[in-house]
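Participant: starting from these lines, generate the structure:
(one chain, ligands or ions: 1)
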Amino acid sequence: MIEYRNVRVALLGAGSVGSQVARLLLEQSDELAGRAGAGLELTGIAVRDLDAERDVDLPRDLFTTDAESLILGADIVVELIGGIEPARSYVLQALGSGADVVTGNKALLASHGPELFAAAEQVGAQVFYEAAVAGAIPIIRPLRESLAGDRIKRIMGIVNGTTNFILDRMDSLGESLEDALAQATALGYAEADPTADIEGYDAAQKATILASLAFHTTVPLMSVHREGITGVTHEQVVAARKAGYVVKLLAICESLVDDDGAPGVSARVHPALVPLGHPLAAVHGAKNAVFVEAEAAGDLMFYGAGAGGVETASAVLGDLVSAARRHVIGGPGLAESNHANLHVLPMGNVVTSYQITLDVADQPGVLATVASLLAQHEVSVETVEQTSGVISSDGGVATATLIIGTHRARESDLAATVAALTNATVVNSVTSVLRVEGA
Ligand code: HSE
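Facilitator: Down below sits the predicted model:
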């Protein structure tokens with residue numbers, strides 16, 4: 001029997017992920033010690049309420065409400081409390097005392113990442129956060145290590161399971177957004193207040209983390225363009241499928257050029273039309289996937305469970321083993337890389353293609369007027385489809401639906417085009433504008 005030295009692990013939080021981490025640490029301690037080269041000694045679990053009900057039966061004497069004392073005696077602190085405070089203070093305390101930190105807290109990293117990474121670097125410690133993006137899916141380590149020698153061009157991620165579940169039901173079962181959301185809530189995917197998921201805040205936090213890593217640049221959360229799924233209609237989803245697309249909420253991080261041709265980066269979250277043949281179109285239910293386009297490696301896709309207690313615990317334990325190995329070897333932790341320091345560009349610089357749906361008067365010259373408005377704003381038409389006009393029973397003007405697919409255009413030009421179309425007398429309404437991604 002090999003005798004390992006022990007690395008002391010303090011766990012903060014015993015929610016669905018924390019309780020599974022504790023269980024696996026206790027149940028698989030020999031295996032984990034063999035892999036880490038050190039025993040992972042769970043010294044305690046800090047919780048707010050000692051009597052709260054837990055998903056897992058854990059030894060009662062491990063629990064404490066005194067997080068600060070627990071952190072003081074730890075080599076590695078696992079923060080699974082979530083939210084900003086007190087998580088931020090505890091992480092800073094841990095780093096200040098030289099401990100490594102393992103966290104799954106995307107909100108904390110998205111808003112305070114640079115502060116935490118600087119605190120870690122100052123003492124030679126490291127922050128590990130595989131669980132912060134896309135749950136069980138290994139994506140942080142591949143970006144940070146496996147692809148460190150490549151250039152990332154673009155990342156397109158389905159990084160929010162709740163919205164993917166909702167959009168998938170709207171597509172496959174024809175449900176309304178409200179009914180699909182009610183199902184997501186009933187099954188425990190959506191929180192009682194689903195705002196963070198359906199308005200894209202959760203995905204935007206993950207986009208910040210992915211973009212910063214992939215482009216070696218600090219990408220602030222406030223620079224991420226964010227649209228949720230609450231504006232997605234049943235009609236859009238049905239029309240999308242008819243045209244060979246599926247609507248997905250995507251987090252897109254990509255390299256771009258600014259107005260002077262200098263390299264930059266952008267991050268955005270919004271619903272988009274994804275061609276049915278694209279691998280992301282096959283991501284169903286609450287699953288997540290991250291599609292990475294790299295210069296040398298080509299296209300890669302990482303797929304799996306984006307949430308769930310035991311699934312996310314897998315990512316946390318992987319980080320714990322890495323952190324423990326680091327303690328055995330010694331030396332400073334791996335610092336965050338932001339050497340590229342690219343310009344973070346606004347949404348107006350994004351270049352993509354669009355599908356615009358218009359309700360128009362069915363009269364001579366309407367198509368020509370619409371086409372000329374697009375041309376005036378440098379937006380080139382790729383496809384046009386018109387459904388037959390309907391003559392209103394009161395003898396009014398017949399209407400038609402125009403679906404216009406554009407070539408790639410700048411977002412700022414597209415926005416000006418949509419404003420002009422909205423004001424054009426021949427256009428009754430702009431019923432839908434969706435970006436097309438991955439075509
Ligand atoms: N609420 C998230 C989702 C999981 O629905 O994917 C945690 O990030």
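Participant: quick check: mean pLDDT of stretch 347-361?
Facilitator: Averaged across stretch 347-361, the pLDDT comes to 96.
Participant: mean confidence (pLDDT) on the top helix by length along the chain, please.
Facilitator: Looking across the chain with DSSP state H, the single longest helix is helix 309-329. Averaging pLDDT along helix 309-329 yields 96.
Participant: with stretch 82-96 instead?
Facilitator: What stretch 82-96 shows for mean pLDDT is 98.
Participant: distance between that stretch and the chain's centre?
Facilitator: Mean-position distance between stretch 82-96 and its chain equals 22 Å (CA atoms, centre = their mean, to the nearest Å).
Participant: dump that stretch to PDB, restricted to CA.
Facilitator: Provided in PDB are the C-alpha atoms of stretch 82-96 (Å, rounded to 0.1, in the frame of the first residue of the first chain):
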ATOM      1  CA  GLY A  82     -22.400  30.300  -6.500                       C
ATOM      2  CA  GLY A  83     -23.300  34.000  -6.700                       C
ATOM      3  CA  ILE A  84     -20.900  36.800  -6.000                       C
ATOM      4  CA  GLU A  85     -20.800  37.300  -2.200                       C
ATOM      5  CA  PRO A  86     -19.700  35.700   0.000                       C
ATOM      6  CA  ALA A  87     -18.100  33.500  -2.700                       C
ATOM      7  CA  ARG A  88     -15.800  36.300  -3.800                       C
ATOM      8  CA  SER A  89     -14.500  37.000  -0.300                       C
ATOM      9  CA  TYR A  90     -14.000  33.400   0.500                       C
ATOM     10  CA  VAL A  91     -12.100  32.800  -2.800                       C
ATOM     11  CA  LEU A  92      -9.900  35.900  -2.100                       C
ATOM     12  CA  GLN A  93      -9.200  34.700   1.400                       C
ATOM     13  CA  ALA A  94      -8.200  31.200   0.100                       C
ATOM     14  CA  LEU A  95      -5.900  32.700  -2.600                       C
ATOM     15  CA  GLY A  96      -4.500  35.100  -0.100                       C
END
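Participant: what does it contact?
Facilitator: Stretch 82-96 is contacted from outside by 10, 12-13, 15, 67-68, 71, 74, 77, 79, 81, 100-101, 103-105, 107-108, 111-112, 115-116, 119-120, 122-123, 125, 127, using CB atoms under 8 Å, 6 or more residues apart in numbering. C-beta here means a position set from N, CA and C on the backbone, and glycine is covered the same way.
Participant: ok, and does that stretch reach over to the ligand?
Facilitator: No - counting by CB under 6 Å from any ligand atom, the ligand is not contacted by stretch 82-96; separation bottoms out at 9.2 Å.
Participant: same question for stretch 153-160.
Facilitator: Yes - Stretch 153-160 reaches the ligand (CB under 6 Å from any ligand atom) through Asn160.
Participant: mind listing what's buried along that stretch?
Facilitator: Across stretch 153-160, burial judged by 16 or more other CB atoms under 10 Å covers Arg154, Ile155, Met156, Gly157, Ile158, Val159, Asn160.
Participant: with secondary structure added, can I get those in CSV?
Facilitator: Shown next, in CSV, are these (DSSP: H, G, I helix; E, B strand; the rest coil):
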residue, secondary structure
Arg154, strand
Ile155, strand
Met156, strand
Gly157, strand
Ile158, strand
Val159, coil
Asn160, coil
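Participant: number of residues surrounding Ala22?
Facilitator: Residues near Ala22, counting by other CB atoms under 10 Å, number 26.
Participant: what is the mean pLDDT for stretch 152-160?
Facilitator: For stretch 152-160, the per-residue pLDDT averages 98.
Participant: any residues touching it, and which ones?
Facilitator: Residues outside stretch 152-160 that contact it (CB under 8 Å, 6+ apart): 133-134, 143, 164, 197, 200, 202-203, 206-207, 210-211, 214-215, 248-255, 280, 283, 287-295, 306, 437-438.
Participant: wait, isn't Ile45 in contact with Ala14?
Facilitator: Yes - here Ile45 lies in contact with Ala14, judged by CB atoms under 8 Å, at a distance of 5.2 Å.
Participant: any shared contact partners between those two?
Facilitator: With contacts defined as CB under 8 Å, 6+ apart, the residues shared by Ile45 and Ala14 are Ala22, Leu58, Phe63.
Participant: quick one: which of the residues you listed sit in helices?
Facilitator: Going by DSSP H, the helices hold Ala22 from those.
Participant: drop anything exposed from the contacts of stretch 152-160.
Facilitator: Neighbour counting by 16+ other CB under 10 Å classes 133-134, 143, 164, 197, 200, 202-203, 206-207, 210-211, 214-215, 248-255, 280, 283, 287-294, 306, 437-438 among the contacts of stretch 152-160 as buried.
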